[in-house]
Every structure is written in structure tokens, then in C-alpha cells.
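>>> Below are the sequence and a predicted model for it; my questions follow.
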2 protein chains.
Amino acid sequence: QEQILLELDRLRDKPPETKDGYLVPITANIELLEELDAVGARGAKGIGLFRTEFLFLGAGSLPDEDAQAEAYIRAAESQYPSPVVIRTLDLGADKLPAGFEMPDELNPFLGDRAIRLCLSHPDLFKTQLRAILRASVHDNVKMMYPMVSCVQEVMDANTLLRQCMMELSQEGVAFNQDMQIGTMIEVPSAALIADIIAPHVSFFSIGTNDLIQYTMAVDRGNENVAHLYKPTHMAIIRLIDHIVKVSHKHGLWTCVCGQMAANPQLVPLLIGLGVDELSMSPSQAPLIKDVIRKLYYSAAVELAQKALVSSSAERVDQLCHDMIAQIAPEVLELSE
Amino acid sequence: QEQILLELDRLRDKPPETKDGYLVPITANIELLEELDAVGARGAKGIGLFRTEFLFLGAGSLPDEDAQAEAYIRAAESQYPSPVVIRTLDLGADKLPAGFEMPDELNPFLGDRAIRLCLSHPDLFKTQLRAILRASVHDNVKMMYPMVSCVQEVMDANTLLRQCMMELSQEGVAFNQDMQIGTMIEVPSAALIADIIAPHVSFFSIGTNDLIQYTMAVDRGNENVAHLYKPTHMAIIRLIDHIVKVSHKHGLWTCVCGQMAANPQLVPLLIGLGVDELSMSPSQAPLIKDVIRKLYYSAAVELAQKALVSSSAERVDQLCHDMIAQIAPEVLELSE
Ligand SMILES: [Mg+2]
Ligand SMILES: [Mg+2]
């Protein structure tokens, strides 16, 4: 095992490229500023999901625009010229910033959170949008909205963004007018209208954890039903396939930033389905890069085609397992 | 208005048939035995959704097989020969029978309920299955499972059902070996694998309330997000279209038993999408029958085609409103 880990370490500066030359960028999911330095050290390049909640939680008061801009700029500079995708606030329910009062919710996962909460608190939201825009002078900064369930939310958020742009222009503050805007696809309705959302954004980022949870109506934190939570449920495979196809048809790219992207057994399937980028906890990057570098893209596509005509999660799991056993058996060893 | 209501009353014994001769059976959603008599009186024929929770709630102990069989037989006899679709237990979360202890759930709507709870309590479930089988000597009895999210649940439930059949056979108790079994489609994953579920059932019943709720990740009981709950969200229209198409391809029929079926403005759309039956609160039956009888099926299909290529709930609402304004303006009057 030590031998394997040493070899994985050597992959750090190698590209995440399949044996037949297909590149799948590996980016990092980041929760805290302190994690920024580890991104490159573990072989990821850039940030596919920069969570911004840490700025709002724990502190005694809401962070102002300057404090936020400083954090976003630090993230952007730390990765330059690799991309940094900043996710707008994904708060709500149990995760509430100081001074926020919300009524108790019977089902917080189906409640007032993320983009919903931001749109109903435009001042809070605009402060963040302005801070992100200020950071966008570093042209590696992108931004995405979480928990989108209908196209109107994207349009409303973009309207606020344009307002912020106008204000900053009038104030003579610099920003990148062409910053890429994306939306997370983690609510089934968003996946099902991806074609309607596509014209309003530049990329999709699939949050598989929530997408699975909502699609199956399973709170995976609930031990009585956690066994039902299945990333390889045919409904999920079909949805990912659909999202990717729609995104490519509209000239967008699609990242997966949920835990599926960090699961070496599922990575060939995601790549075969056409996912353009994988974002994960930096510690998983070496393992995933190892899998990618031992994979033929053509074999991944074949795997995905077989998965798409399967009829059970168990069958898809078997296909995925067989592929890994063949190309990277050490991965199975490590996970045992 | 009184005039209108009187005229609606006269429809009681008329068939729910469009102007061009397309029949759309109207059945009733029933919660209590006392409601059985009102079904025919208001012009519905049979029961599309017979909820069985009332037997389990409020009472000091669980109802035994005899008590359940008696209730199911009474329902079957009251409607004979019109169909009675008995839904197996849809309990869980806040709705728990006497003597049931369950851990508190953070998100009960994503928790241990309905078919999930039944499959993890096979004794409870088998008692109900046996009682329903006994009632099935009346050949108008059908049965369906709620909250299905994967095909395995349907298969497991059917396995228990076959066990019950064998037991009853050995005991010399009569039942209908060919009772129709259906599944509710109210979890997005079930809708997305309708083709995989289809071979295991005879019909689908779309529970639009839950389907919308899960698809959009919106608890409509939560006033902060209730505005996002939209029956005409394009994701919902597309899902219903998909479910109906799959069901017909597999030789099944599809009922809608959620509140969409009781909304006169949405009924032409549902009919145009190919829904085969509408089940609703008996009090809504006259109004819905009025709409059906003033509708051309061909116009409904045209409406559905327009809705399917729309890109917003507002546009679909407008199409539905225009249709009603044209064929049954008194409905708009009544709902104002
Ligand atoms: Mg999420
Ligand atoms: Mg339901």
C-alpha cells in the first residue's frame, strides 16, 4: 500500500489524461481558505467548487463586501491561471449566518435555502455578487448558483448581477464583464429543463449528492433510508447523461462536483457519459488521476453505453467494478 | 352561480366524455368509509385512490386482518362493478399508527414512509396485503404501492404479495389471482425509470402533489418556498408526458390522483397528454365532468403539444387558461 501511495504521489504534475489522450481536468472542492495551498500539492488544478459559507458561519456578523472580496481574490490568486468557480451562498435551514432568523422548517432540505434565500434577501446577495465581481478582475474567476429549480431563478440572479455590474461601473470599480456564470444542477427539475436554462449560463455543475437525494426522495443522513440512496440508480445515470448531452448541444461544459466525482469506481462512467471536469476533495485527486491515466476514453464511452441500457444499480455497479478491476486493481486494494 | 351549480348537478349520470367521444373515467379519492356513498352522488364512478391510513391512525391498536378486510370489502361492494384502487399504507414521519416508535427525522418527506416503512415491517405489510387479497374476491379491487423510488421495491412488494397468495391458497381462502397491481409515480426516480418498473405492474397512478414537491425540492407546506411549487413547471409537464408515453408503450394505463386532476384549468392539458383516468375529491367531480364534456379531445392534444414546446410555467398556465375561457367560461367564474 505504501508503494501504491508513493506512486500516486508521483502523478502530481502529470496531466489527467486518458491513455488515448482525452483530458479530464481535475479541480478541487474547497471549504476554507486554509485548504487553498493543498490543491496543487495533491495534483488538482484550480477549484471547481469554492464554497463561500465559511465566511458567513461562525462569525459574529455578516462579512462585508471588502472582507468577501479579499477572500475571493486570495482564492483566485492562489490558483491563477487555473479556474476558480465560486459558488454563491448555499445557506439555509440549519446553516444560518449570524443575525439571521428563520422559522423552523419541517423539511429543511425542501425549504428556504441557497439561491432561494439569496433571491429573497437581495441585499445580502448583492453584497456577495459585488465582491465576486471585484475578484473577477482575475480572469480565472467564474461563479455559479446553487439549488436552482426553475429558470426564473437564474434570470433573477443574472438581473441582480447586471445591476451590480452597472453600479460598479458607475463607481469606477473594475470587474470582468465576461465572467462565466454557471448553475448547479442538483434539483431534478433543473436537470429536466437543462435545455431551458442553458441559454442563460456558460456551464453546469452537477451536485450529485443533492441530485440523488431529491431524485430518490432519500435523505441519506437518515439511517432508516440511507440504503436506498444509490448513485448508480438508473434514474441518476439517465439524468447525468441528459444534462451532459444538453450542455454540449448548447456549447456549455459540465462538471461533476458531488461525491460521485471522487469515487474512483464511478469516474470511468462519468467520463464515458461525457462529463468535462471532475471536482473533488483535494485528497482524492491522486487516486482519480491514476484512474484517468490508466483509462481509455473509448472504453469509458463503451462502459457508459452499457450502463445506459442496464436496468438496475447493481448491474451498473458491476460494470464499474469490472472496469476498475481491469485497469487499476490497486484502487480496489486501497478501498478495501 | 346557483344556476351553474344546478346545471353541474344534472351531469351526474352523464358519461365523462369529450365532444368527440373520448372517455376519461372520473374516479374518487377517498379517505374515510363515510365518504363512500357520496362518490356516485357527485357523479364519479369508482375509487381511484382509496387511502388506508384511517384504519391505522387514531385507533388504540393496529387493525387486524379481519377489520381491514371488512373495510376493503365494504369499499368494493359500495362501488361494484366500478373499480376501487386500494393504496397500501402511506404512513411515516408525522403519521404513525399506535404503538409505532420511530426516531425523529430531520426531513420526514425524504424519510422512512409508505412502501419503505411497509417493506421494513413485513408483518404489518403482509397483514394488509392479505386483507386486500381477501377483498379481491370482488373483481373490481385493484391495489397500488405509494412512494416507490426503485424497481426493487416493487419486486419486493410483489414477492410478499405472492407469499400471501400462497398462504391464503393453503388456508383455502378465496382471492383474485389476477388482481391488478399498480404503482404510484410520485418520486422523480420512479418517473425516470417508468419503463423499468412497467413490466412489474398493470398501471401507474401519478401523485402530482409529491411528484412536484420532490422534483422541485419544494415543501409546499413551507410558506417561504410555496411560491416555487408549480404544477405547470416544464419539468412536471415533461415528466407526465414521459410517464404516460411509457405506460402506453407497455400496455398500461395511467391515472392522475393528485390535485392537478381536480383543477379544471389543468384537466384539458392532462387529457391531451394522454392521461387515462382522473381521480379526485368527489366534490370536484361535477366541475371536472363539465370541462370534459365541453372539450374536444383533439383540441386537448393540440394544447398539450403546445405546452410541451413551451419554456415556462406562466406560458403553460396561459394556454390552459385560454382553453378554459373558450370552452367553459363558467368554470373561471366559479373559481373567482
Ligand atoms: Mg447542494
Ligand atoms: Mg404521496
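Nice, thanks for sending it over. Ligands and ions are numbered 1, 2, ... in the order given.

>>> What is the burial count for the residue nearest to A:H233 when sequence neighbours are not counted?
The shortest distance from A:H233 to any non-neighbouring residue, by C-beta to C-beta, 6 or more residues apart in numbering or on different chains, is to A:A313 (5.0 Å). Quick note: C-beta positions are derived from backbone N, CA and C, even for glycine. Counted by other C-beta atoms under 10 Å in any protein chain shown, the residues lying close to A:A313 total 19.

>>> A:T232 is in contact with A:A313, correct?
Yes: contact between A:A313 and A:T232 holds when scored by C-beta atoms under 8 Å: they sit 4.3 Å apart.

>>> Now do the buried residues in stretch A:115-128.
A:115-119, A:124-128 (16 or more other C-beta atoms under 10 Å in any protein chain shown).

>>> Which residue does the stretch 101-250 of chain A have closest to ligand 2?
A:A217 (9.7 Å; C-beta to the ion).

>>> which residues sit in contact with that residue?
B:109-110, B:147, B:149, B:187-189, B:210, B:214 (C-beta atoms under 8 Å, 6 or more residues apart in numbering or on different chains).

>>> if we go to 7 Å?
Shown in contact with A:A217 (C-beta atoms under 7 Å, 6 or more residues apart in numbering or on different chains): B:110, B:149, B:187, B:214.

>>> just checking, the second one touches A:H227?
What that stands for is B:S149. No: counting by C-beta atoms under 7 Å, B:S149 does not reach A:H227; the two are 11.5 Å apart.

>>> neighbour-wise, which of the two wins?
More neighbours surround B:S149 than the other of B:S149 and A:H227, with 26 against 11 (other C-beta under 10 Å).

>>> how many neighbours does the closest residue in space to that one that isn't next to it in sequence have?
Nearest residue to B:S149, sequence neighbours excluded (C-beta to C-beta, 6+ apart): B:V187, at 4.3 Å. Neighbourhood size, B:V187 [other C-beta under 10 Å]: 31.

>>> Quick one: neighbours of A:P15, just the number.
For A:P15, the neighbour count with other C-beta under 10 Å is 16.

>>> How about it, nearest residue that isn't a chain neighbour?
Leaving aside its chain neighbours, A:P15 sits nearest to A:L23 (6.3 Å; criterion: C-beta to C-beta, 6+ apart).

>>> The stretch 201-336 of chain A: helices as residue ranges?
Remark: helices assigned in the stretch 201-336 of chain A by DSSP state H, counting those that start in this stretch are A:208-216, A:234-249, A:267-272, A:285-294, A:297-308, A:313-327, A:329-334.

>>> what residues are up against the residue nearest to A:P15?
Neighbour list for A:L23: A:15-17 [criterion: C-beta under 7 Å, 6+ apart].

>>> Let me see the contact set for A:P146.
A:P146 neighbours (C-beta under 7 Å, 6+ apart): A:87-88, A:90, A:114-115, A:184.

>>> Please apply the same query to A:S202.
By C-beta under 7 Å, 6+ apart, the contact list for A:S202 reads A:180-182, A:252.

>>> Save the helices of the stretch 201-336 of chain A as a markdown table, and put in mean pLDDT too.
Formatted as a markdown table, those follow (pLDDT from 0 to 100):
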| stretch | mean pLDDT |
| --- | --- |
| helix A:208-216 | 97 |
| helix A:234-249 | 98 |
| helix A:267-272 | 98 |
| helix A:285-294 | 95 |
| helix A:297-308 | 98 |
| helix A:313-327 | 97 |
| helix A:329-334 | 85 |
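
>>> If you rank the contacts of A:S202 by neighbours, which is first?
Ranking the contacts of A:S202 using other C-beta under 10 Å puts A:G182 first, with 24 neighbours.

>>> how about the residue in the stretch 151-300 of chain A positioned nearest to ligand 1, what does it touch?
Residue nearest to ligand 1 within the stretch 151-300 of chain A (C-beta to the ion): A:D210, separated by 3.8 Å. By C-beta under 7 Å, 6+ apart, the contact list for A:D210 reads A:E186.

>>> so where is chain A shaky, pLDDT-wise?
Applying pLDDT under 70 to chain A flags residues A:93-94, A:336.

>>> just the strands in it please.
A:26-30, A:47-50, A:84-87, A:141-145, A:181-185, A:203-206, A:253-256, A:277-280 (DSSP state E).

>>> Burial check on A:E302, number of neighbours?
A:E302 sits with 15 neighbouring residues when counted by other C-beta under 10 Å.

>>> Identify the residue nearest it in space, chain neighbours excluded?
Distances taken as C-beta to C-beta, 6+ apart place A:G272 nearest to A:E302, at 7.1 Å, with adjacent residues excluded.

>>> Please verify my assumption that that neighbour contacts A:L303.
Yes: A:G272 sits in contact with A:L303 when judged by C-beta under 7 Å, with a separation of 4.8 Å.

>>> Name the residues of chain A found near chain B, please.
A:105-112, A:116, A:149-151, A:187-189, A:192-193, A:196, A:213-219, A:221-222, A:224-225, A:228, A:233-235, A:238-239, A:311-312 (C-beta under 7 Å from any C-beta of the partner chain).

>>> and the most centrally placed residue in chain A, what does it touch?
When C-alpha atoms, centre = their mean is applied to chain A, the residue found nearest the centroid is A:C257 (2.9 Å). By C-beta under 7 Å, 6+ apart, A:C257 lies in contact with A:29, A:48-49, A:205, A:207, A:279.

>>> which phi and psi does it have?
phi -120, psi 10 (degrees, to the nearest 10).

>>> how far away is it from A:T127?
Between A:C257 and A:T127 the distance is 24 Å, computed by C-beta to C-beta, to the nearest Å.

>>> got it, and A:Q177?
20 Å.

>>> what do you get for A:C164?
A:C164 is 9 Å from A:T127, by C-beta to C-beta.

>>> and what of A:V331?
Counting by C-beta to C-beta, the gap from A:V331 to A:T127 is 44 Å.

>>> could you say what helices and strands the lengthiest helix in chain A packs with?
In chain A, taking DSSP state H as the definition, the longest helix is helix A:151-170. Counting by 3 or more C-beta pairs under 7 Å, 6 or more residues apart in numbering or on different chains; DSSP states H and E, the packing neighbours recorded for helix A:151-170 are helix A:115-120, helix A:122-135, helix A:194-197.

>>> redo that, cut-off 8 Å
With contacts taken as 3 or more C-beta pairs under 8 Å, 6 or more residues apart in numbering or on different chains; DSSP states H and E, helix A:151-170 sits against helix A:115-120, helix A:122-135, strand A:141-145, strand A:181-185, helix A:194-197.

>>> Report the inter-axis angle for the fourth one versus strand A:141-145.
Orientation of strand A:181-185 against strand A:141-145 (axes from the mean of the first three to the mean of the last three C-alpha atoms, to 10 degrees) gives an angle of 40 degrees.

>>> Can you pull out the residues in contact with strand A:181-185?
A:85, A:87, A:142-148, A:154, A:158, A:161, A:190-191, A:194, A:197, A:200-207, A:211, A:243, A:257.

>>> what do you get if the cut-off is 7 Å, keeping everything else the same?
Residues outside strand A:181-185 that contact it (C-beta under 7 Å, 6+ apart): A:85, A:142-148, A:154, A:158, A:191, A:194, A:197, A:201-207, A:211, A:243.

>>> again, but for the first one
Outside of helix A:115-120, the residues within contact range by C-beta under 7 Å, 6+ apart are A:88-89, A:91-92, A:124-125, A:145-148, A:153, A:156-157, B:225, B:228.
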